[in-house]
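Q: Model the following, please.
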Amino acid sequence: MTASTIPALLLAAGRGERMRPLTDHTPKPLLQVQGRPLLEWHLRALQDAGVRQVVVNTAWLGEQISSHFGSQPLLDKREQLSISYSHEGRDFGRALETAGGIARALPLLGPVFWLAAGDVFAPDFRFEPEAARRFAASDALAHLWLVPNPPHHPRGDFGLSPEGLALDLPEGDTRERFTYSTLALLRAELFAPPWCEIAPGNPQGVAAPLAPLLRRAMDAGRVTAQRYAGRWTDVGTPERLAALNR
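A: The predicted structure follows:
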């Protein structure tokens, strides 16, 4: 398995309510961070890693995203990316949330794929081919990158065992929790029974979150994780966007 054969899904369907009024007329992944649209930072990093196929899901103002990047964006005249789109807004009139959107896009992906949210700024992250190969050779359903808890999410999401397993810690457990960065490697198997009940390709447009699927797989010991120490920002408010651009 080579880097170019492992595709990526970039999540870009959200409305960005907390970013209003900036997102009233511009989808959040197209907001500029240090002179580039947020989504372009991920696209360039994927291109640098040798990934050649990217799927972008859209809903709110999705036509702006597909019009901006097209199907083969030229980024510094390097080898081309091929971009396809899963237009949830066009097909269903709304976003399908994370798991619903991934399930909808699966026919455009493969058995193993990268995942990243289009509204996260992580300029130091590398979509390393070796990480993808290790994951593909394992029996894990997901591999997550975890970050220190930001001020707006102090309780975090998941624990991390010494063996590198992501943990769904029960209420009251005092072990350290980390925040899921939205950067991950996933296996398509996670979106089938017994982990997920959405029909293949999500033809009904079921909206569903990803976290419950991950928690089920964690309870079965099939989610691995590691800490990520690079720069990372959930660009969820105008204030955070302004801070990045200062």
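
Q: per-residue confidence averaged over the longest strand along the chain?
A: For the chain, the longest strand by residue count, based on DSSP state E, is strand 179-187. Average pLDDT, strand 179-187: 97.

Q: Point out the other helices and strands that the next helix or strand after that strand packs with.
A: Sequence-wise, the next helix or strand downstream of strand 179-187 (DSSP states H and E) is helix 211-219. Applying 3 or more C-beta pairs under 8 Å, 6 or more residues apart in numbering; DSSP states H and E, we find helix 211-219 packed against helix 97-105, strand 142-147, strand 166-167. To be clear about C-beta, it is placed using only N, CA and C from the backbone, and glycine gets the same treatment.

Q: check contacts around the residue nearest to D219 when sequence neighbours are not counted.
A: Nearest residue to D219 in three dimensions, chain neighbours excluded: D168, at 6.2 Å (C-beta to C-beta, 6 or more residues apart in numbering). Contacts were defined as C-beta atoms under 8 Å, 6 or more residues apart in numbering; by that measure D168 touches 158-159, 214-215, 218-219.

Q: same thing but 10 Å
A: Residues near D168 by C-beta atoms under 10 Å, 6 or more residues apart in numbering: 157-159, 211-212, 214-219, 223.

Q: do the same with V33
A: 39-41, 121, 123, 233, 235, 240-241, 244-245.

Q: how does it look with 8 Å?
A: Contacts of V33 by C-beta under 8 Å, 6+ apart are 41, 121, 235, 241, 244-245.

Q: neighbour-wise, which of these leads?
A: V235 (22 neighbours; other C-beta atoms under 10 Å).

Q: shouldn't it be in contact with Q32?
A: No. Assessed by C-beta atoms under 8 Å, V235 is found out of contact with Q32, at 10.7 Å.

Q: hang on, the earlier thing: strand partners (parallel or antiparallel) of the longest strand of the chain?
A: Under the criterion DSSP bridges, strand 179-187 sits next to strand 112-117 (antiparallel), strand 142-147 (antiparallel) in its sheet.

Q: possible to save those strands as CSV with mean pLDDT, distance to Y85 and mean neighbour count?
A: Listed next are the strands paired with strand 179-187 as CSV, based on pLDDT from 0 to 100; distance: least, C-beta to C-beta, whole Å; neighbours: other C-beta atoms under 10 Å:
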stretch, mean pLDDT, distance to Y85, mean neighbour count
strand 112-117, 97, 15, 23
strand 142-147, 98, 24, 23
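
Q: In this structure, where is pLDDT below threshold?
A: 1-4, 72-79 (pLDDT under 70).

Q: Report the central residue of it.
A: Geometric centre of the chain, nearest residue: A116, 2.3 Å, by C-alpha atoms, centre = their mean.

Q: Please name the bridge partners of it.
A: Taking DSSP bridges, one obtains L10 as the residues bridged to A116.

Q: Over to the residue of the chain positioned farthest from its centre: give its phi and psi.
A: Most distant from the centre of the chain: G172, at 28.6 Å, with distances by C-alpha atoms, centre = their mean. Taking degrees, to the nearest 10, you get phi 90, psi -10 for the backbone angles of G172.

Q: I appreciate the help and will end here.
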